[in-house]
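Q: sequence isn't available, so here's the structure alone:
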Ligand SMILES: [Zn+2]
């Protein structure tokens, strides 16, 4: 079901993981961001758009994680954009032998059979520094940043005041720090991303996270702060008092506390190591 969140902007939320797929109305069809996860859900989006008489004229993937780079044949053959880094990451993944089996291994077992992988990760990379998605609709600004995953981009749907955050600013998931780019500093990278978001906050009325609930302008600022406090606590070896972990976690999201514990250990080791070498 498509739910309207702003003028010309709709959201479809997946049942598992609360993945948000975003539809933006253009002149001759729609832009579809992060198309969804199960085949049935993507077909439901395709049917909903068909009923509205709206073909998909462009797609966009916010970042190269499995739940953001899927597609279904019924959504059509529009170009599916992403940052150059996102596209390169996917190209490399798909070039490996038995990539499909490897991807399948990482899927949530309860829905693994329902996730179509044929069109997985076929992303058209936009040249680095591209300011807006090339399409005929309200300008959609690309805010590429180093947090969470290589080639991650948030989007600002200008003239609609809608901010598409990718896998950040969630009310159910704590910040998940990148573990792919081994050479980078994932904590500082995350803070850089949040700072970029803060820079556009004045233009935002609605924030749509990759997972969880849609919020208003006040939520954008509150979630930037919540994520920042969480990441800084990881860096400084403290424990954040965070509603997304521990007893206050939403039912079904208790596993986020395990993700948190893993990150706590990973960065505690690093802090100790840094202390010894400095
Ligand atoms: Zn995600």
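A: Yep, it's here. Owing to the predicted nature of the structure, the values given are computational and were not obtained by experimental measurement.

Q: C-alpha only now, for contacts and for neighbours.
A: OK.

Q: stretch 105-113: how far from the chain's middle?
A: Counting by CA atoms, centre = their mean, to the nearest Å, stretch 105-113 is centred 19 Å from the centre of its parent chain.

Q: how close does the residue nearest the centre of the chain get to residue 261?
A: Central residue of the chain (CA atoms, centre = their mean): residue 166, 2.5 Å from the mean position. Distance, residue 166 to residue 261, using CA to CA, to the nearest Å: 23 Å.

Q: poorly predicted segments of the chain, please.
A: The chain contains residues with pLDDT under 70 at 180-183, 271-278.

Q: give me the nearest residue to the residue nearest to the centre of the chain, chain neighbours excluded.
A: Closest residue in space to residue 166, ignoring its immediate chain neighbours: residue 210 at 4.5 Å, by CA to CA, 6 or more residues apart in numbering.

Q: wait, doesn't that neighbour sit right on residue 171?
A: No. Counting by CA atoms under 8 Å, residue 210 does not reach residue 171; the two are 10.2 Å apart.

Q: neighbour count: the two, which is higher?
A: Taking neighbours as other CA atoms under 10 Å, residue 210 and residue 171 compare with residue 210 leading, 28 against 20.

Q: who touches the more buried one in this structure?
A: Taking CA atoms under 8 Å, 6 or more residues apart in numbering, we find residue 210 in contact with 18, 19, 20, 21, 164, 165, 166, 167, 168, 170.

Q: quick check: the fourth one touching residue 35?
A: Yes. With contact taken as CA under 8 Å, residue 21 and residue 35 are classed as touching, separated by 5.3 Å.

Q: pull out the buried residues from the contacts of residue 210.
A: Among those, the ones that count as buried by 16 or more other CA atoms under 10 Å are 18, 19, 20, 21, 164, 165, 166, 167, 168, 170.
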